[in-house]
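A.B. asks: Show me the folded form of this:
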Amino acid sequence: MVTHMKTTIDIADSLFAEAKATAAEQGTTLRSLIEEGLRLSLARRRQGGAFRLRDASFTGDGVRTEVSLEHWDEIRGLVYGGHGG
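C.D. replies: You can find the predicted model right below:
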């Protein structure tokens, strides 16, 4: 039975250098560090559940009475205040 499989992956040079330095600082191998990170990432995904958007609601008076929701150019102008859009 095979317990390990060799594979090739492409990762950013800066990430590789940081991982290699971290492994050396911690007295472990790059392979062990990568396996640990992969295990943690997989475990987090298993227990993470569905994405949940945080509540960004706010209170206010609503749309200004002089603004018509039928005129998007006017709304856009108010939102961007002449700064693009």
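A.B. asks: Tell me the confidence at Arg85?
C.D. replies: Check again: residue 85 is Gly, not Arg. Here the pLDDT value assigned to Gly85 is 54.
A.B. asks: swap in Leu42?
C.D. replies: 91.
A.B. asks: That one and Gly48, how far apart?
C.D. replies: 10 Å (C-beta to C-beta, to the nearest Å). C-beta: built from backbone N, CA, C; applies to glycine.
A.B. asks: Ser68 now?
C.D. replies: Ser68 is 43 Å from Gly48, by C-beta to C-beta.
A.B. asks: swap in Ile11?
C.D. replies: 23 Å.
A.B. asks: Now do the helix or strand hosting Ala23: everything it contacts.
C.D. replies: Using DSSP states H and E, Ala23 sits within helix 13-25. Around helix 13-25, the neighbours that count as contacts under C-beta atoms under 8 Å, 6 or more residues apart in numbering are 11, 29-30, 32-34.
A.B. asks: what about Leu42, how many neighbours?
C.D. replies: 9 (other C-beta atoms under 10 Å).
A.B. asks: The helix or strand it falls within to helix 13-25, inter-axis angle?
C.D. replies: Here Leu42, judged by DSSP H and E, is contained in helix 30-48. Interaxial angle, helix 30-48 versus helix 13-25 (axes from the mean of the first three to the mean of the last three C-alpha atoms, to 10 degrees): 110 degrees.
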